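Chemist: quick one, structure for this:
(one chain, ligands or ions: 2)
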Amino acid sequence: MTNPDGAPALSAKNICKSFGDKKILRGISVDVAKGEHIAIIGPSGSGKSTFIRCLNLLEMPDNGTLRLDGQQVLDAELKTPTRSVRSLRKRVGMVFQSFNLFSTHTALENVSLAQRLALGRTRDESSTRSEELLKRVGLKDHMDKRPGQLSGGQQQRVAIARTLAMDPEVILFDEPTSAIDPEMRVEVLKVMTELAEGGMTMMMVTHEIEFAKQAADRVMFLADGEVMEMGPSGQILTDPENERIRRFVNALS
Ligand code: ADP
Ligand code: MG
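Modeler: Ligands and ions are numbered 1, 2, ... in the order given. Here you go, the predicted model:
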């Protein structure tokens, strides 16, 4: 890489994945610039979750290359986790639809645990950082509550704070508001908007068209494991040329 500073935060080339003999991803490529926000939309079953799971190797692609800040972390031959794969998982954060918090731990402990285990931070260091992040996502008064005492929107904000605590270079979101009551979604979208405005590099699978219009620079429309269209969010979400995308967006708007 002759110009590492100009390298994309994340670069995926020709990502392919099959489950059994079923081709799920048929060669997906994308360069995500530093500070860029990409929304991934598309019908259920089109491969959105599989694709972003491939980007931090929760799923191992069958083929393709992956670079993080210009540094190769996966090539077509490398099929087993290596040191660089483990480091990739720390550098690429993930926020799931289903929060995945520890139900027996408080919000503060949920945010602190991975910092101690994965980053080796001390109890004090991790608590201080967790408090700061929980305040930032609007949960100052809820730090000592367990997930069962929090609304879906509050739990998802704990999960976002937990991801931020790893100081990731990129955050992947997989339908972060789909499991949350509509009236609680707005507070999660507000946190995501603030992150985007703060310059975080983000890829977000979402059905929230209004949010995507406002927060995403580009939109990737996936259908049948392929990129059907990729372009500026304003164009794709307001005036899509493709009839299938137009119908999809109209149904969600
Ligand atoms: P989306 O997120 O767009 O709804 P997914 O990536 O979850 O789509 O799924 C795409 C296809 O891959 C679906 O047909 C799904 O059943 C299949 N699939 C996903 N994960 C697995 C798996 N672990 N084993 C077998 N099939 C899977
Ligand atoms: Mg999905």
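
Chemist: could you verify that residue 131 is part of a helix?
Modeler: Yes - under DSSP: H, G, I helix; E, B strand; the rest coil, residue 131 sits within a helix.

Chemist: mind listing what it touches?
Modeler: Residues in contact with residue 131 (C-beta atoms under 8 Å, 6 or more residues apart in numbering) are 108, 143. All C-beta spots, glycine's among them, are computed from the backbone N, C-alpha and C.

Chemist: could you check how far it is from residue 39?
Modeler: 31 Å (C-beta to C-beta, to the nearest Å).

Chemist: in this protein, which spans are strands?
Modeler: For the chain, the strands defined by DSSP state E occupy 10-19, 22-32, 37-41, 63-68, 71-74, 92-95, 170-174, 201-205, 218-223, 226-232.

Chemist: what about whatever residue of the stretch 51-200 of the chain ends up closest to ligand 1, how many neighbours?
Modeler: For the stretch 51-200 of the chain and ligand 1, the shortest gap (C-beta to the nearest ligand atom) falls at residue 51, measuring 6.7 Å. Per other C-beta atoms under 10 Å, the neighbour tally for residue 51 reads 28.

Chemist: am I right that residue 37 is in contact with residue 199?
Modeler: No - if you go by C-beta atoms under 8 Å, residue 37 and residue 199 don't touch, sitting 9.7 Å apart.

Chemist: the more surrounded of these two?
Modeler: residue 37 (25 against 11).

Chemist: if I look at that one, how far off is ligand 1?
Modeler: Distance, residue 37 to ligand 1, by C-beta to the nearest ligand atom, to the nearest Å: 19 Å.

Chemist: bridging residues for that residue?
Modeler: In this structure, residue 37 bridges to residue 202 when assessed by DSSP bridges.

Chemist: show me where this structure has helices.
Modeler: 48-55, 83-91, 107-119, 123-136, 152-164, 182-197, 209-215, 233-238, 243-252 (DSSP state H).

Chemist: out of those, deepest packed?
Modeler: Each of these was scored by mean neighbour count; the highest is helix 152-164, a mean of 25, by mean count of other C-beta atoms under 10 Å.

Chemist: just the angle between that helix and helix 123-136, please?
Modeler: Using axes from the mean of the first three to the mean of the last three C-alpha atoms, to 10 degrees, the inter-axis angle of helix 152-164 relative to helix 123-136 is 130 degrees.

Chemist: with mean pLDDT added, can I get the strands of the chain in CSV?
Modeler: Formatted as CSV, these follow (pLDDT from 0 to 100):
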stretch, mean pLDDT
strand 10-19, 96
strand 22-32, 98
strand 37-41, 98
strand 63-68, 90
strand 71-74, 82
strand 92-95, 96
strand 170-174, 98
strand 201-205, 98
strand 218-223, 98
strand 226-232, 96
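
Chemist: and the helices of the chain: which comes nearest residue 174?
Modeler: Evaluated over the helices of the chain, closeness to residue 174 peaks at helix 48-55, with 5.4 Å, by C-beta to C-beta.

Chemist: the closest one and ligand 2, are they touching?
Modeler: Yes - using C-beta under 5 Å from the ion, helix 48-55 reaches ligand 2 at 48-49.

Chemist: quick one: low-confidence parts of the chain?
Modeler: 1-5, 76-84 (pLDDT under 70).

Chemist: near ligand 2, which residues of it?
Modeler: Counting by C-beta under 5 Å from the ion, the positions of the chain adjacent to ligand 2 are 48-49.
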